[in-house]
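> sequence unavailable; structure follows:
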């Protein structure tokens, strides 16, 4: 394999779901000794929180599970992201639709719901925990961890065998 595999996790504001997903996936990649082959990033479809760190509750939940996302800061999806990332993973249908409306036709196949990679789950959307309590962040963590494992398996089967 010559080129790095690049993965972009996307939610609305890039302070809750997508940074948690990026952090969980980044840790799995590092544990599998694949950091030299896989690049991660996260972004939001809206610019509400650009430059801000991940939500405190998202950071606390992730850290409780051994995942440090304190280095991540919100940014908005950029036009060049569609050509740069092989996997562009939306946390829910609203953000997937927004990505589809922004994405050039040639790159549409790169867009997916993140939970498509969690075959064992029937749920296909990661709910936004922003307006809820700690249990919502725990639920997000559980969902993104399952999808991150499936995504890593997919990348290993497609690109790293």
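That came in fine, so what should we check first? A quick note: this is a predicted structure, and the numbers were derived from the prediction, not measured.
> ok, residue 117 - contacts?
Residue 117 sits next to 89, 147-148, 150-151, 153-154 when contact means C-beta atoms under 8 Å, 6 or more residues apart in numbering. All C-beta atoms are positioned from the backbone trio N, CA, C, and that covers glycine.
> so which of the residues you listed is the most crowded?
residue 89 (31 neighbours; other C-beta atoms under 10 Å).
> in strands, which of the contacts of residue 117 fall?
Using DSSP state E, the members of the contacts of residue 117 that fall within strands are residue 89.
> nearest to residue 23, of the contacts of residue 117?
Of all the contacts of residue 117, residue 23 sits closest to residue 148, with 9.2 Å by C-beta to C-beta.
> am I right that that closest one is in contact with residue 25?
Yes - with contact defined as C-beta atoms under 8 Å, residue 148 reaches residue 25; the gap is 4.2 Å.
> before we move on, back to that, in TSV: the contacts of residue 117, plus pLDDT and distance to residue 98.
Putting the contacts of residue 117 into TSV (pLDDT from 0 to 100; distance: C-beta to C-beta, whole Å) gives the following:
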residue	pLDDT	distance to residue 98
89	98	13
147	98	19
148	98	22
150	98	23
151	98	21
153	98	27
154	97	23
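> and the furthest pair within the contacts of residue 117?
Put simply, by C-beta to C-beta the two of the contacts of residue 117 set farthest apart are 89 and 153, 14.4 Å from each other.
> residue 8 falls within a strand, correct?
Yes - according to DSSP: H, G, I helix; E, B strand; the rest coil, residue 8 belongs to a strand.
> this completes my enquiry, with thanks.
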